[in-house]
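Visitor: What follows is a protein structure lacking sequence information:
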């Protein structure tokens, strides 16, 4: 295993994205992957880390090369290019009669990569994908490698932006994630409650702590991060 922290971070994320997903999410992914022009399906959000219920709405991103490959509607293509992403709602009837629901956003590969590296006017990509995700469908290994690089960039971008806003000499990993996620919610005018950030962290503490260890080692910040969740 490599000793370089950024490469270790890539290994961590590679293992995550290739892990199994819940059967309901898999059924939805199988449908979404059949849509025109889809290069990959990225699964993220509370449907990944919380136990599902009858009210669960799963969250996906569909990565495409060109919007017109996905939809012939020129207005949707224009909207997705100017103010990405386009967001849709989808329902699927499971074999046992349950109705599965999801939201999915459609984004070009180049837009996803750029935004993950902090090159967009909102933090919505790097704020979402600095967190653990899955890629239950990808067309080929080259696309998988590009997405892996983007997810690694998103994690580093999150820590870079968050640490730049810190004034304390020392903070916990949990404080760092709470501060960073809360800032991105405010930037996006999202209506998330403050305790939402604690819930996200507490469900995946080990993954977040390891991300911070490796990202901070990559950035070599002056801040003293306590290696733990307190």
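Guide: Structure's in. What do you need? Since the model is a prediction, treat every value here as computed from it, not as a measurement. Numbering: from 1, shown residues only.
Visitor: Okay, buried residues for the longest helix along the chain please.
Guide: In the chain, assigned by DSSP state H, the helix with the most residues is helix 141-164. For helix 141-164, the neighbour count (16 or more other C-beta atoms under 10 Å) marks 143-144, 146-148, 150-163 as buried. Just so you know, the C-beta spots here come from the backbone N, C-alpha and C atoms, and that holds for glycine as well.
Visitor: same deal with stretch 4-23?
Guide: So stretch 4-23, judged by 16+ other C-beta under 10 Å, has buried residues 5-6, 8-10, 12-13, 16-17, 21-22.
Visitor: Stretch 30-45 now?
Guide: 32-33, 35, 37-45.
Visitor: Next, give me the two most distant ones among those.
Guide: Greatest spacing in these, by C-beta to C-beta: 37 and 45 (22.8 Å).
Visitor: OK, contacts around residue 5?
Guide: 213-215, 217-218 (C-beta atoms under 8 Å, 6 or more residues apart in numbering).
Visitor: Likewise for residue 17?
Guide: Here residue 17 is in contact with 133-135, 144, 147-148, 151 (C-beta under 8 Å, 6+ apart).
Visitor: ok, so what distance separates residue 14 from residue 144?
Guide: Going from residue 14 to residue 144 by C-beta to C-beta, to the nearest Å gives 9 Å.
Visitor: again, but for residue 111
Guide: 18 Å.
Visitor: next structured bit after the worst-scoring helix or strand of the chain on mean pLDDT?
Guide: The least trusted helix or strand in the chain, going by mean pLDDT, DSSP states H and E, turns out to be helix 74-82, with a mean of 56. In the C-terminal direction, the helix or strand that comes right after helix 74-82 (DSSP states H and E) is strand 86-93.
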